[in-house]
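1. the sequence isn't on hand, but the structure is:
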């Protein structure tokens with residue numbers, strides 16, 4: 001294939017399908033109907049002589065050749081974005097899509113203000129938040145920015161520590177009142193625990209009960225922090241929660257605050273190739289700024305028996 005036949009517009013559409021995974025969503029983002037977009041992708045594959053996507057009822061997944069093209073396409077995208085920002089006459093206005101992958105607690109309690117503020121200031125910017133309790137693969141382009149509770153040690157990634165955060169053991173006010181004064185962790189042996197499903201904990205930093213020396217798995221478990229929180233609010237048991245989550249719920253209080261106190265950290269992870277993408281840079285800065293400010297305000301909500 002001649003180099004001149006590979007155009008930026010083809011790469012733009014290719015990246016949209018990679019990021020959205022479906023022609024309907026990618027077409028909506030690019031202004032094309034799904035049938036037209038599908039034909040454009042097929043034409044690109046024919047021009048290159050390789051299959052870029054595996055098609056299935058679940059959507060479009062990049063093949064090995066498709067994954068190899070992603071880095072090159074995003075490098076071109078970075079140059080185009082930089083040129084548009086410098087010469088386009090719209091100042092610092094951002095366009096395009098940025099996807100953030102984050103644990104559900106972080107997404108629901110710490111990302112809202114940062115994403116809202118940047119979106120309001122940049123009407124042509126689409127911010128996507130994927131809130132799932134797992135690690136995100138930046139090499140597979142599942143997200144442009146990933147939030148982690150431990151820094152990854154492999155891959156072509158840049159890692160930035162955002163801030164530390166605190167966790168305590170919480171119970172509903174009614175349950176705390178029934179328990180009365182607690183002398184130590186041993187007083188909780190007969191109290192139901194709430195936590196993560198042990199074989200679905202995606203990061204060892206979240207295996208709180210093992211770190212506390214509690215041998216048995218909690219009675220109520222979920223891979224979702226939000227579901228754990230809802231159980232705790234309803235008085236179903238005691239749960240280790242981040243203080244930034246608990247402070248939003250006056251129905252719960254910290255118990256054994258002096259005996260059970262954990263510190264963890266959040267990290268912002270990016271692919272090295274995105275260093276020149278203005279919209280990712282700006283959203284990353286907004287996330288760090290807003291999250292640091294929010295965590296600086298955190299404190300255990302009330303206290304009982306500790």
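-> Nice, I can see it. From a predicted model like this one, the values you see are computed outputs, not experimental measurements.

2. can you list contacts of the worst-scoring helix or strand of the chain on mean pLDDT?
-> Within the chain, no helix or strand scores below helix 208-211, which has a mean of 74 by mean pLDDT, DSSP states H and E. The contact list for helix 208-211 (Cβ atoms under 8 Å, 6 or more residues apart in numbering) reads 167, 193, 195, 196, 217, 218, 240, 262. Quick note: C-beta positions are derived from backbone N, CA and C, even for glycine.

3. where's the dip in pLDDT among the residues you listed?
-> On pLDDT alone, residue 217 ranks lowest of the contacts of helix 208-211, at 71.

4. run through the residues that contact that residue.
-> Applying Cβ under 8 Å, 6+ apart, the residues near residue 217 are 195, 198, 209.

5. pull out the buried residues from the least confident helix or strand of the chain.
-> For helix 208-211, a neighbour-count test (16 or more other Cβ atoms under 10 Å) marks 208, 209 as buried.

6. helix or strand right after it?
-> Using DSSP states H and E, the helix or strand that follows helix 208-211 towards the C-terminus is strand 220-221.

7. pull out the buried residues from the very next helix or strand once past that following strand.
-> Under the assignment DSSP H and E, the closest C-terminal helix or strand after strand 220-221 is helix 225-233. For helix 225-233, burial by neighbour count (16+ other Cβ under 10 Å) applies to 225, 228, 229, 231, 232, 233.

8. between those residues, which sits nearest residue 284?
-> Residue 284 has its nearest neighbour among the buried residues of helix 225-233 in residue 225, at 22.9 Å by Cβ to Cβ.

9. residues contacting that closest one?
-> Residue 225 touches 103, 104, 105, 133, 241, 245, counting by Cβ under 8 Å, 6+ apart.

10. could you look up the SS state of residue 181?
-> coil (DSSP: H, G, I helix; E, B strand; the rest coil).

11. quick one, the top strand by length along the chain and helix 225-233 angle?
-> When the chain is parsed with DSSP state E, its longest strand is strand 157-172. Angle, strand 157-172 to helix 225-233, by axes from the mean of the first three to the mean of the last three Cα atoms, to 10 degrees: 20 degrees.

12. what lines up beside the helix or strand residue 264 falls within in the sheet?
-> Counting by DSSP H and E, the element that carries residue 264 is strand 261-271. If you go by DSSP bridges, strand 261-271 pairs up with strand 145-148 (antiparallel), strand 157-172 (antiparallel).

13. can you give me the buried ones in it?
-> Buried, per 16+ other Cβ under 10 Å, within strand 261-271: 266, 267, 268, 269, 270, 271.

14. excluding chain neighbours, what is closest to residue 233?
-> residue 251 (5.1 Å; Cβ to Cβ, 6 or more residues apart in numbering).

15. number of residues surrounding residue 257?
-> By other Cβ atoms under 10 Å, the residues close to residue 257 number 17.

16. assign residue 73 to helix, strand or coil.
-> helix.

17. what about it, distance to residue 272?
-> 15 Å (Cβ to Cβ, to the nearest Å).

18. what's the local residue count around residue 65?
-> Other residues close to residue 65 by other Cβ under 10 Å number 14.

19. isn't it up against residue 53?
-> No - at 9.3 Å, residue 65 does not count as touching residue 53 under the criterion of Cβ atoms under 8 Å.

20. dihedrals phi and psi, residue 244?
-> Dihedral angles of residue 244 (phi, psi; degrees, to the nearest 10) stand at phi -70, psi -20.

21. quick one, what contacts it?
-> Contacts of residue 244 by Cβ under 8 Å, 6+ apart are 109, 110, 165, 294, 295, 298.

22. mark which of those residues are buried, thanks.
-> Using 16+ other Cβ under 10 Å as the threshold, 109, 110, 165, 294, 295, 298 are the buried ones among those.

23. still on that earlier bit, redo the contacts of residue 225 as CSV? Include pLDDT, secondary structure and distance to residue 14.
-> Formatted as CSV, those follow (pLDDT from 0 to 100; DSSP: H, G, I helix; E, B strand; the rest coil; distance: Cβ to Cβ, whole Å):
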residue, pLDDT, secondary structure, distance to residue 14
103, 90, coil, 30
104, 89, helix, 30
105, 91, helix, 34
133, 64, coil, 30
241, 95, strand, 42
245, 95, helix, 39
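
24. I'd like the distance between residue 257 and residue 167.
-> 11 Å.

25. and if you look at residue 103?
-> Distance from residue 103 to residue 167, by Cβ to Cβ: 13 Å.
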